[in-house]
Every structure is written in structure tokens, then in C-alpha cells.
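Visitor: Pasting a predicted model and its sequence here:
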Amino acid sequence: MSNHTFTHLDALESESIHIMREVAAECKNPALLFSGGKDSIVMLRLAEKAFRPAKFPFPLVHIDTEHNFPEVIATRDKLAADLGERLIVRSLEDSIRRGTIVIKNPDLPRNPFQSVTLLETIAEFGFDACMGGARRDEEKARAKERIFSFRDEFGQWDPKNQRPELWDIYNTRVHNGENIRVFPISNWTEMDIWQYIGREKLYIPSIYYAHQREVIRRGNSVIPVSDLVQPKPGEKVEVLSVRFRTVGDVTCTAPVESTASNVEEIIAETATTRITERGATRMDDQTSDASMELRKKEGYF
Amino acid sequence: MSNTTQLLRFITAGSVDDGKSTLIGRLLHDSKSIFEDQYSAISKTSEKRGMTAVDLSLLTDGLQAEREQGITIDVAYRYFATPRRKFIIGDTPGHEQYTRNMVTAASTANLVVILIDARRGVLVQTRRHTYLASLVGVPHIVLAVNKMDMVDYSQARFDEIVTEYKAFAAQLNLRDITCIPLSALVGDMVVDRGEQLNWYQGPTLMEKLESVEIDHDVNTTDFRFPVQWVCRPQTEEYHDFRGFMGRIEAGEVSVGDEITVLPSGRSSKVKEIVTLDGNLQTAFAPQSITITLNDEIDISRGDMFVKADAMPTVAKEFGAMMCWLSETPLDKNRKYLVKHTTRTAKCLFSSVDYRVDVNTLEQHTNPSVNMNDIVRVAMKVQQPLAFDHYKRNRASGSFIVIDEASNNTVAAGMIV
């Protein structure tokens, strides 16, 4: 053993592969949630490591808010096509047309409504397990969530009624109508993700790298100008060198000022940054101390 | 942190009074793993509560659900890294569910930090934590004698505590114990050495965490490969490909090695070790790999590949130490499910021999089995399992018990 070097990335990778194979073997009808963001791109590579030379024993699923960055959607489609894997896309617009989502203003952030379309998609296909790329270092509600996170018929997470998780022996059993969310990269940090993207030379959307972008300063955040976000009277549009640390809803994802134009430079910045990933970039998580916890209880990832 | 750092999982055992949250906060703070937005949030809360200094214990403060309902969720995981290692802390709250929580967190840990208040010395809970660490087989123990600032940094007091602790620990067959005097509040001997403990020559807590040898925490000699998934691509290119996918739980395997498939007992030779990054000549625990064999033999999920020179026991009956996790007591008349490596089988409890009082280590015979109880049981399973003594091999000696009616995980077991 002493002549082998088994690094933290090797350990995390092997753990994630093991989790994905348990899902494939024990769940009847699993799916892998894939958005085209960096964490889900890592998930896709892990699925290749777990199942090649065969095809994935599950489809890729994206719940599209239609508030996404075009570069991310293009990456989503390219990577699914390159791998020859089946991609199912369901849109919040479908739920809005059906009347199951009622929104007052179509331009407002849509993350709170994602859970509705996700639950409808789970019902449509009868998925009993959905794998997602959430990480425990992102947020304190996630820090207390299991790798195999059990959900009731309403898709709700009950933080005080979680199954104990011991060793690497996972309990995947559910009754009909219930399902589990599985987080194979629970133990990865933002730094691990970037190191793995570098090691595996993964293709990621260009907006993760520094680029010139029109932005508006609002409070402590820099907001990208887009079709959905226009300057209010008195606000000044600036062009800054920025990159995105997360890519979510365009109306509530803020970039950070940066000149890091490749993975090595991003790793160097990540090592010295003093702000958490969500603290820097997600306005929807700053509204209250328990925002994420509340959304998870409603069935959000 | 580079691409060549190792991963260490550890847990902290102790109550709020011992300064556990402060210690975790101190480790995160002094290793510069706290972000500004987190720090400003806890500064504000500290100020609101009328404190003069920032209360680092707030970093591990709970969820809204916990605060509102006065409950604690069993394990929270926290992450930090130094240039030498990446760390995962399993942070367990104290209180009455402690046994279950600690067993859960300890099951994946390389190391446990057991906290003692230097003023109070070795307490009942110290014995409990140490017993549970030995039961779950945590390979490395650090006794952190905290609040040394409250006993004038007295070497005599530290030595007294260490002597008492080691006398107790000697009964439990623990192989690696390190005792460190420290002050989490002031910061002495956590990350920095400080000025007050110059009589102590050993490592700081962080130095210990960064340097403890963990390569041999997994069994490196007895090859164990539970089959998770059989890969049959059925494409033109891979028409005849039959790969057995899984993770090596112990030992290592090379191309050409003769392996035995359990429980059938059939043998074959390893043809290839396949990974996405190319075929390997040798693979070792805990790598996830795909194995192809020279012969076509019937193999499915739940089978285990081993080598003839290090065979596990294959049997339908075994004894185990078990921690009951569920609020619903064990019903000896019912059948349950046992999940052991990748095999799930019906099981029943033929006897419950005794319960261990985790505070005194006394054995009570003929007990009922309630949440947090540690019991010695004899079990029967419907299909044979290939298992090892837990002390020899954590991966092939552990199992969980599932209640088929609720689908809940109700117990954790260690084969003896």
C-alpha cells in the first residue's frame, strides 16, 4: 500500500462511483439530474467512470427554469450528445401552462418553483431515485443531509427523521410513491471540484472563466445585465472582468470579479478567497438564515 | 492544497461543556478555513448575545428546525484543508442520543478526538466515548485535555489525567492513543503551540491530524471484492464483455490472480482490471474498479471475490455486537433484513445475550433492546454471508439492520 499514492481526489472519486453503482443496482428507476453546471459535469464524468464501457443505466434529467445562461444550456446539450446518453428536459414553462406554478412576475427568480416541476417529472417517469450534484460544504442545511436522502410522497425532506448512515452501507429502500435523492459528491468541496475539473480536463461552460461582462452594482453584489435584468433609473452599467462561481437563475446569480482565465488560476483564487461560494453568488440564499433549509423541506434539491 | 493530499476523516467526542464546538471553531479559524461571510454572521450573533469576543462555537450552530424544536440532528459534516491534508469532521451533538450518533459518525472515521475538561478529568462520558471508539474500531485516538488555561497550564494535572485515562484504555485494546494538553479558547496547542505549554514536547492537535499514518487503517492483506453491478454493454464492440463492478474493500488484486467467488466457491483468474483511464495491472483498496475473468461462471450482485490464501467465513449464523438505532425497540419475534456488503438477506435474532452498560462496561443479561443500547446478539440469515471478524476487517465485518415494514435503518452491527 505504501508504494501507491491514493490522493483525496482518488478517495472521493472512488466513494462517488461506489454510491452511483449502489443506486443503479438497488433502485428500480433512477435518474441523474444534469444541468450543465460544473458540479453536474463532474457527476457526468463520475458516471462514465462508474459504468463504461456500458451506457448509463439511467437517463439524464434537467429541470429548466428557462432563466439559464445560454452557454450553460449549450454545454448541457453538447455533453449529453457527446456521450450519447439520453437527456430528458422538462421546463418550468410547462408547469406554468398547466397552472401548477403561478408566478406574479415572469422575470423574478425561479429557483423556488423548480421543486414543482421536479416533482411532476418524477411522477411522469416514475423515478424512485434522483441523483444530484449537491455538496455538504455549500450550506449548513446540506451539511446535515444524508448521502441517501429519503423523501415522502410530497417530496419533502424531514431533517429530524433521517435514516442513520453507517460505514458505506446505504439503505435504498422506499415504499411505492416515495423516493430518494442521492448526493454522490456530498463530501466534495468547491476546491475538490476545481481540482478534479483540472485533473480530468473537463469541458465546462465558458462563463466559469474570466470574461468581460456588463454588470450593475446592487448592494454588495455585481449583477449581470441580461434580457431579464436591466438597469433601473440611476443605475450605471459597467464592464468588468468577472467569472461565475455558480451558474443558476440569471436573475439571482452574481459573478465575482476575477481575471482567472484557466483552471489553475481559478484553483489559486479558490485557495485564497475569503467568501463562501453561495455567499458570494446566490442572492436567493441570503434572504434568511434558513432559506435553503426551507426550500429543501419543500422538495427542492 | 495540492493534488496529492490525503483524506482524513475524524470525529470529535465531548459535550458542549468540554468546549467541543469551540475546538472545532478554533481548528477552522486558525487554519484559515472560515470565510468572511460566515465570520461576520457569527460576529453579529455574538454581539447580539452580548459577548465580548466572537463565539467560535456558533460556527457549528444548528438548523432552524433544531433551534425551534430543541432537537439535534445526529451528524453534521464539515470540511477543511491544509496544504498537507483534506479533512472531513463528523460533528455529533451530545445529549441523550449520543451513543447512536457517535456510532454513526465513528463508523467512517480514521480518528476520534476525545475531549476532556482539565478541571474535571476523566469522567463517565470519557469512558463511554472511549468504549464506543473501541467498539466501532476507530484506528486512532487523540485525548485532548482542554481548558489547560483554567488549571494554570499545570503539567502535573495533565500527567495525572493521562495516567488515569491510560489505565482505563488498557482494558480496551486500543493501539494508538495520543494525549495533547490544549486550550481551544486561547488557541494553545490546537494549530499554534502558544507560549504556555513549553513543557509539552508532543505534536499540536493539527500536527497530529496532518501526520497520523492512515494507510493501514484498511485491511491491506485479505482481498475482498463484493460485486456491486454486472456490466454487460451488449454493443457490437463489447459483445462478449462481462465486467464485475465494485469497490475493493480490502487487500489488492492483480491480473492473473486466481480468485474464488463466494458463496458458490467457484474459481477463475483475473483477465483484466478495467477503468475508464485504462486497464490496470494491480488495484488495491479502496479503489472502484471493473474485473473481467477468464472463465464464464455465474456471478451476480451480492457475491464476493476473495483469494484462497485469505478466506472469510461463509455461514448463515454468526454473533455480533449491535447498536440499536431506532425508537422502536427490537422485537425478537420478527424477521428483519440485514444488509452486509452488497448482499441483503432476511434475518432473525436467535438470542440477545447481554446489554453493555456503556458507562461502566457491565453486562446485563436477558435485556430488552431500545434505542442507544449496545447488545451482544446471535443472528441467523436466510442466505449465507461471506464475512470476517469486524476487528480484522471493518468492511466485511459490518452490517446494518433494516425494518421491512418502515424501511428504516434500525441497527448497526459488528460481527464478532
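Guide: That came through fine.

Visitor: Do you have the strands of chain A handy? List them.
Guide: Taking DSSP state E to define them, one finds strands in chain A at A:30-33, A:60-64, A:87-91, A:129-131, A:148-151, A:179-182, A:211-218, A:221-224, A:238-243, A:256-257.

Visitor: Need those strands in JSON lines (columns: distance to residue B:356 and mean pLDDT).
Guide: Yep, even glycine has a C-beta here, placed from its N, CA and C like the rest. Listed next are these as JSON lines, based on distance: least, Cβ to Cβ, whole Å; pLDDT from 0 to 100:
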{"stretch": "strand A:30-33", "distance to residue B:356": "40", "mean pLDDT": "97"}
{"stretch": "strand A:60-64", "distance to residue B:356": "47", "mean pLDDT": "94"}
{"stretch": "strand A:87-91", "distance to residue B:356": "51", "mean pLDDT": "95"}
{"stretch": "strand A:129-131", "distance to residue B:356": "37", "mean pLDDT": "96"}
{"stretch": "strand A:148-151", "distance to residue B:356": "29", "mean pLDDT": "89"}
{"stretch": "strand A:179-182", "distance to residue B:356": "33", "mean pLDDT": "92"}
{"stretch": "strand A:211-218", "distance to residue B:356": "60", "mean pLDDT": "90"}
{"stretch": "strand A:221-224", "distance to residue B:356": "55", "mean pLDDT": "84"}
{"stretch": "strand A:238-243", "distance to residue B:356": "55", "mean pLDDT": "92"}
{"stretch": "strand A:256-257", "distance to residue B:356": "53", "mean pLDDT": "88"}
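
Visitor: what helix or strand is residue B:130 on?
Guide: Using DSSP states H and E, residue B:130 sits within helix B:124-135.

Visitor: Who are the packing partners of that helix?
Guide: Under the contact definition 3 or more Cβ pairs under 8 Å, 6 or more residues apart in numbering or on different chains; DSSP states H and E, helix B:124-135 sits against strand B:6-13, helix B:98-106, strand B:111-117, helix B:155-169.

Visitor: hey, least reliable of the ones you listed by pLDDT?
Guide: Set side by side, these give their lowest mean pLDDT on helix B:98-106, at a mean of 86.

Visitor: Let me know how buried the spatially closest residue to residue B:106 that is not a sequence neighbour is, in neighbour terms.
Guide: If the residues on either side of it in the chain are set aside, residue B:106 comes closest to residue B:136, at 4.1 Å by Cβ to Cβ, 6 or more residues apart in numbering or on different chains. Residue B:136: 26 surrounding residues under other Cβ atoms under 10 Å in any protein chain shown.

Visitor: again, but for residue B:216
Guide: Neighbours of residue B:216 (other Cβ under 10 Å): 11.

Visitor: Buried ones in the helix or strand hosting residue B:319, by neighbour count?
Guide: Element membership for residue B:319, per DSSP H and E: strand B:313-324. Residues of strand B:313-324 classed as buried: B:318, B:320-324 (neighbour count, 16 or more other Cβ atoms under 10 Å in any protein chain shown).

Visitor: which one of those residues sits closest to residue B:132?
Guide: When the buried residues of strand B:313-324 are ranked by distance to residue B:132 (Cβ to Cβ), residue B:323 comes first, at 8.5 Å.

Visitor: residues in contact with the closest one?
Guide: By Cβ atoms under 8 Å, 6 or more residues apart in numbering or on different chains, residue B:323 lies in contact with B:99-100, B:103, B:135, B:372-374, B:411-413.

Visitor: Let's see that with 7 Å instead.
Guide: Each residue near residue B:323 by Cβ atoms under 7 Å, 6 or more residues apart in numbering or on different chains is listed here: B:99-100, B:103, B:374, B:411-412.

Visitor: So which of the residues you listed wins on neighbours?
Guide: For the contacts of residue B:323, neighbours tallied by other Cβ under 10 Å; top is residue B:411, 28 neighbours.

Visitor: quick one: the closest residue to it other than its chain neighbours from residue B:224, how far?
Guide: Nearest residue to residue B:411, sequence neighbours excluded (Cβ to Cβ, 6+ apart): residue B:401, at 3.8 Å. Distance, residue B:401 to residue B:224, using Cβ to Cβ, to the nearest Å: 21 Å.

Visitor: Then residue A:88?
Guide: When distance is defined by Cβ to Cβ, residue A:88 is 38 Å away from residue B:224.

Visitor: Which one's more surrounded, those two?
Guide: Legend: neighbour count by other Cβ under 10 Å for residue A:88 and residue B:224, higher for residue B:224 (28 against 16).

Visitor: What residues are bridge-paired with that one?
Guide: Beta-bridge partners for residue B:224, by DSSP bridges, are residue B:250.

Visitor: Could you pull out the helices in the stretch 201-301 of chain A for me?
Guide: Listed in chain order, the helices found in the stretch 201-301 of chain A under DSSP state H, counting those that start in this stretch are A:263-272, A:277-281, A:291-297.

Visitor: Any idea which of those helices has the lowest pLDDT on average?
Guide: helix A:291-297 (a mean of 59).

Visitor: one step back: paired strands for the strand holding residue B:319, with orientation please.
Guide: Strand B:313-324 is paired, per DSSP bridges, with strand B:374-387 (antiparallel), strand B:409-415 (antiparallel).

Visitor: Compare the ones you listed and give me the one nearest residue B:111.
Guide: Comparing the strands paired with strand B:313-324 by Cβ to Cβ, strand B:409-415 comes nearest, at 18.5 Å.

Visitor: Just list the residues touching residue B:318, thanks.
Guide: By Cβ under 7 Å, 6+ apart, residue B:318 lies in contact with B:379, B:387, B:415.

Visitor: quick one: which of these is nearest residue B:306?
Guide: Proximity of the contacts of residue B:318 to residue B:306 (Cβ to Cβ) peaks at residue B:387, which lies at 11.1 Å.

Visitor: how about low-confidence regions in chain A?
Guide: Scanning chain A with the threshold set as pLDDT under 70 gives A:1-4, A:274-301.

Visitor: just checking, what packs against the longest helix anywhere in it?
Guide: In chain A, assigned by DSSP state H, the helix with the most residues is helix A:8-26. The helices and strands touching helix A:8-26, judged by 3 or more Cβ pairs under 7 Å, 6 or more residues apart in numbering or on different chains; DSSP states H and E, are helix A:38-51, strand A:129-131, helix A:190-200, strand B:6-13, strand B:225-231, strand B:243-247, strand B:288-293.

Visitor: Tell me which of these sits nearest to residue B:37.
Guide: helix A:190-200 (13.8 Å).

Visitor: Relative to residue A:34, how far out is residue A:79?
Guide: In terms of Cβ to Cβ, residue A:79 sits 8 Å off from residue A:34.
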